[in-house]
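**Q** need a 3D model of the following:
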Amino acid sequence: MSEMITADLVDLDLSAQTKDAAARALAERMVAKGRVTDLDGFLADVAAREAQMPTGLDGGIGIPHCRSAHVTEPTLAFGRSAAGIDFGAADGPADLIFLIAAPAGADDAHLTILSSLARQLMNDEFTAALRSVGDAASAAALIRGDEAPAPATASTDSAAVSAAASAEAAAGTAEEEGAGRPFRIVAVTSCPTGIAHTYMAAESLENAGREAGVELVVETQGSAGFTRLDPTLIADADGVIFAHDVPVREKERFAGKPTVDVGVKAGINKPAQLIADVRGKAERGEVTASATGGSTPVERAGDSGDSYGTKLRKWLMTGVSYMVPFVAAGGLLLALGFAIGGWEINKAPSVMEHFSWTQVDSWGALLFQIGGVAFGFLIPVLAGYIAYGMADRPGLVPGFVGGMIASNIAAGFLGGLVAGLLAGGIVLSIQRIKIPPVLRGIMPVVVIPLISSLIVGFLMFVVVGKPIAEAQKGMTDWLSGLSGSNAVLLGILLGLMMCFDLGGPVNKVAYAFATAGIAVQDPSDAAMKVMAAVMAAGMVPPLGMALATVVRRKLFTPAERENGKAAWVLGASFISEGAIPFAAADPLRVIPASMAGGAVTGALSMAFGATLRAPHGGIFVVPLIGSPFLYLVAVAAGTCVTSALVILLKSMRKPALGTTTAETPDGATAAAPAKKEPVAA
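**A** Predicted coordinates for the structure are as follows:
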């Protein structure tokens, strides 16, 4: 096993001024050591991780990190910046920067070392030693643990004595409140990569617990797996803290406890406040909703300070994400049924009574009827998982019940949205009611499903169902009446939405709008036009990037040219995410170019009157498209617009600092790195 960090991976005079430049400078050292095989591919993975959540920490620390297929072995590079670099921390720039690179399948031993480093970053003596160390070899030895940090100064000792006195006083208070024992807390920490924030939050909470005089034990659910807390510890705990950005595994173990549920950065930056919050909830006898359910979807991740609008978006996207596989499977089966059996196949009798192994029409009817069953789940699944995103597993039953009612009364997609939100809100309200401990065991399986389903059913049948059904019909009629310039404008809007965030929330809203229109046995012609425009526009970004890498290779890195080859297939398959590697590396040029091409394609598809019955498939369902030739013309036009615009924008950019302009073989000018001394291997 190689040493994770050596002197060659340390830069004590890091001159970079931005976080991207700092990551590149440190990653270049990893490339020189043979630890990273593709610089640009690795940096794209670092940027994608950074986009999920800033990696700056209070105290002047930046920890950009990721798991990447371009990393050969777990590696750590360290840089010290005199001017400081903004990594998004609340207290300002970072002067200590750690770039952590882990392979996609890193072994547990190396990940344990990384977790130890993450905990050390919460040690003031360790960070002070790194700020004062004079040579790269000593810095590497300090990080590896070969050298201990210098002893704390007198002033630090004084602060420690003061903290100890405060902890003793807090412990006395805790013993008074806890009938002879301190307040007990169990906590779980986790982050998307499970490398750094998971263990830093654990260390921060443990330190704050000692200062507050409480017994606090943390379960770290990191990349190296996790060791479950002793059930006795959980049973004896007075409160629970979840500091996580991915679902807490086996969350039901903590049911019935006063719980604080926040993002992992809150566990790092404000542990004392979290401890005070959970003690306050225990004193008031509160049992939060998150403590009574099972595992939550990833959409529940985020800081406790999320606005209501942010939470609402996450809940809705949870429902949509679970609905999409039903849309794809059901829609493709329906489309194949039409392709095999013809457009009259929707009138075929049940295959249970009239199926012949030798008749093509029977097979078409079979596919069509299976697809119809799959489509029948769309609205219940949407509503059920919106409620799940809000209230965990107790929300599933009323959510599915409300969604099925919405489907039966023709309230459609809008009805599913409302039913899911109602179900989640009602379950959350029930969970806030104080109940005797003897009844807590039957609440999730009997009481909550019974009461919440009754209330949701009443509201959907008697109160809100009819107005929503009328609104759904009005939207359908409006779509059916679109023609001429109005239809083209709708195509432009849908094209822009599909290409704005390449598979993100805005893209999903446009896609959900289109699939809702065809999620019926006999969709209108207007709804199928909308579906065609949405799929066509979604194909454009990866196809445009792929074409650009062929037309002007020198404007793209070797990694991007390789990604361009895959983008042909991804774009043709209607996978907009194929353009993400390009957008992550150059968003200000790639995203506007993609949106322009998507708008052109959406407008042309609507103008040509192309229709689509299948909700997915790309060019592989062209035989199922109305006006297929004109549809392909629309896709090709948008692809050319995106390619031309991204080439134009990239050609206009100025060479980066420290580069010179060199002549490329095809006569174009390109930025070439200025000569510099090679980095020692």
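**Q** regarding this structure, what is its longest helix?
**A** Taking DSSP state H as the criterion, the chain has its longest helix at helix 308-341.
**Q** following element in sequence after it, please.
**A** As assigned by DSSP states H and E, the chain's next helix or strand after helix 308-341 is helix 360-376.
**Q** packing partners for that following helix?
**A** Packing partners of helix 360-376 (3 or more C-beta pairs under 8 Å, 6 or more residues apart in numbering; DSSP states H and E): helix 308-341. To be clear about C-beta, it is placed using only N, CA and C from the backbone, and glycine gets the same treatment.
**Q** pLDDT of the helix it packs on, averaged?
**A** Helix 308-341 carries an average pLDDT of 75.
**Q** try stretch 259-277
**A** On average, stretch 259-277 scores 88.
**Q** between the two ends of it, how far is it?
**A** Start-to-end span of stretch 259-277 (C-alpha to C-alpha, to the nearest Å) is 9 Å.
**Q** what's the answer for stretch 50-59, then?
**A** For stretch 50-59, the end-to-end distance is 19 Å (C-alpha to C-alpha).
**Q** show residues contacting it.
**A** 19, 49, 62-65, 86-91, 94, 121, 127, 191-192, 196-197, 200, 245, 263, 265, 268-269, 584 (C-beta atoms under 8 Å, 6 or more residues apart in numbering).
**Q** filter the residues you listed to the buried ones?
**A** Buried by 16 or more other C-beta atoms under 10 Å: 19, 49, 62-65, 87, 89, 94, 121, 127, 191-192, 196-197, 200, 245, 263, 265, 268-269, 584, out of the contacts of stretch 50-59.
**Q** among those residues, which are in strands?
**A** If you go by DSSP state E, the buried ones among the contacts of stretch 50-59 have 62, 65, 94 in strands.
**Q** hmm, F98 and the first one touching each other?
**A** Spelled out, it's G62. Yes: in terms of C-beta atoms under 8 Å, G62 counts as a neighbour of F98; the distance is 7.2 Å.
**Q** if I look at F513, how far off is L490?
**A** Counting by C-beta to C-beta, to the nearest Å, the separation of F513 from L490 is 10 Å.
**Q** coming back round to it: closest to V447 among the ones in strands among the buried ones among the contacts of stretch 50-59?
**A** Nearest to V447 out of those is H65 (C-beta to C-beta; 44.3 Å).
**Q** I'd guessed that closest one sits against A47; true?
**A** No: using C-beta under 8 Å, H65 is not in contact with A47; the gap is 11.8 Å.
**Q** ok so, going back, which other helices and strands does the longest helix of the chain contact?
**A** Partner elements for helix 308-341 (3+ C-beta pairs under 8 Å, 6+ apart): helix 360-376, helix 378-391, helix 412-431, helix 505-518.
**Q** can you point out the buried residues in the third one?
**A** By neighbour count with 16+ other C-beta under 10 Å, helix 412-431 contains the buried residues 412-428, 430-431.
**Q** then the first one?
**A** For helix 360-376, the neighbour count (16+ other C-beta under 10 Å) marks 361-372, 374-376 as buried.
**Q** tell me the least confident of those residues?
**A** Across those, the smallest pLDDT goes to F375, namely 77.
**Q** can you count the residues close to the nearest residue to that one once chain neighbours are set aside?
**A** Leaving out its chain neighbours, the residue that sits closest to F375 by C-beta to C-beta, 6 or more residues apart in numbering is G330, at 3.9 Å. By other C-beta atoms under 10 Å, 24 other residues sit near G330.
**Q** mind checking how far G330 is from P615?
**A** 8 Å.
**Q** the longest helix of the chain: how far from the chain's middle?
**A** Taking C-alpha atoms, centre = their mean, to the nearest Å, one finds helix 308-341 lying 18 Å from the centre of the chain it belongs to.
**Q** buried set for that helix?
**A** Those buried within helix 308-341 under the rule 16+ other C-beta under 10 Å are 313-324, 326-341.
**Q** over to stretch 568-584?
**A** The neighbour-count check on stretch 568-584 (16+ other C-beta under 10 Å) flags 568, 570-572, 574-584 as buried.
**Q** cool, and stretch 620-627?
**A** Neighbour-count burial for stretch 620-627 flags 621, 624-627 (criterion: 16+ other C-beta under 10 Å).
**Q** how about these in JSON lines, adding pLDDT and secondary structure?
**A** Formatted as JSON lines, the buried residues of stretch 620-627 follow (pLDDT from 0 to 100; DSSP: H, G, I helix; E, B strand; the rest coil):
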{"residue": "V621", "pLDDT": "77", "secondary structure": "helix"}
{"residue": "L624", "pLDDT": "77", "secondary structure": "helix"}
{"residue": "I625", "pLDDT": "86", "secondary structure": "strand"}
{"residue": "G626", "pLDDT": "86", "secondary structure": "strand"}
{"residue": "S627", "pLDDT": "89", "secondary structure": "coil"}
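**Q** can I get those in CSV with distance to K251?
**A** Shown next, in CSV, are the buried residues of stretch 620-627 (distance: C-beta to C-beta, whole Å):
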residue, distance to K251
V621, 40
L624, 43
I625, 45
G626, 48
S627, 50
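**Q** show me which of these is closest to A77.
**A** Closest to A77, out of all of the buried residues of stretch 620-627 and judged by C-beta to C-beta, is V621, at 46.9 Å.
**Q** how about the nearest residue to the closest one, chain neighbours excluded?
**A** A614 (4.5 Å).
**Q** does the one you found touch P623 like I think?
**A** No: shown here, A614 and P623 do not form a contact pair, counting by C-beta under 8 Å, at 10.0 Å.
**Q** ranges for the strands of this protein?
**A** Counting by DSSP E, the strands of the chain are 10-11, 56-57, 61-62, 65-68, 75-85, 94-103, 184-190, 215-220, 239-244, 259-262, 611-612, 625-626, 659-663, 669-673.
**Q** in CSV: those, plus distance to L459.
**A** Converted to CSV, these look like this (distance: least, C-beta to C-beta, whole Å):
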stretch, distance to L459
strand 10-11, 62
strand 56-57, 45
strand 61-62, 49
strand 65-68, 45
strand 75-85, 53
strand 94-103, 49
strand 184-190, 35
strand 215-220, 39
strand 239-244, 31
strand 259-262, 27
strand 611-612, 35
strand 625-626, 40
strand 659-663, 63
strand 669-673, 62
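**Q** D230: which of those is closest?
**A** strand 215-220 (8.6 Å).
**Q** was I right about G213 contacting P182?
**A** Yes: counting by C-beta under 8 Å, G213 does reach P182; the two are 5.9 Å apart.
**Q** before we move on, back to that, the buried residues of stretch 568-584: which two are farthest apart?
**A** A572 and A584 (21.4 Å).
**Q** residues near the closest residue to L366 other than its chain neighbours, how many?
**A** Closest residue to L366 apart from its sequence neighbours, by C-beta to C-beta, 6+ apart: V351 at 4.8 Å. V351 has 17 neighbours, counted by other C-beta under 10 Å.
**Q** and for V262?
**A** For V262, the neighbour count with other C-beta under 10 Å is 22.
**Q** that one contacts L274, doesn't it?
**A** Yes: here V262 reaches L274: they are 6.5 Å apart, a contact under C-beta under 8 Å.
**Q** anything in contact with each of these two?
**A** Counting by C-beta under 8 Å, 6+ apart, the common neighbours of V262 and L274 are 241, 243.
**Q** where's the nearest residue to G395 once chain neighbours are set aside relative to I448, distance?
**A** When the adjacent residues along the chain are set aside, G395 lies closest to A387, with 3.2 Å between them (C-beta to C-beta, 6+ apart). Separation of A387 from I448 (C-beta to C-beta) stands at 11 Å.
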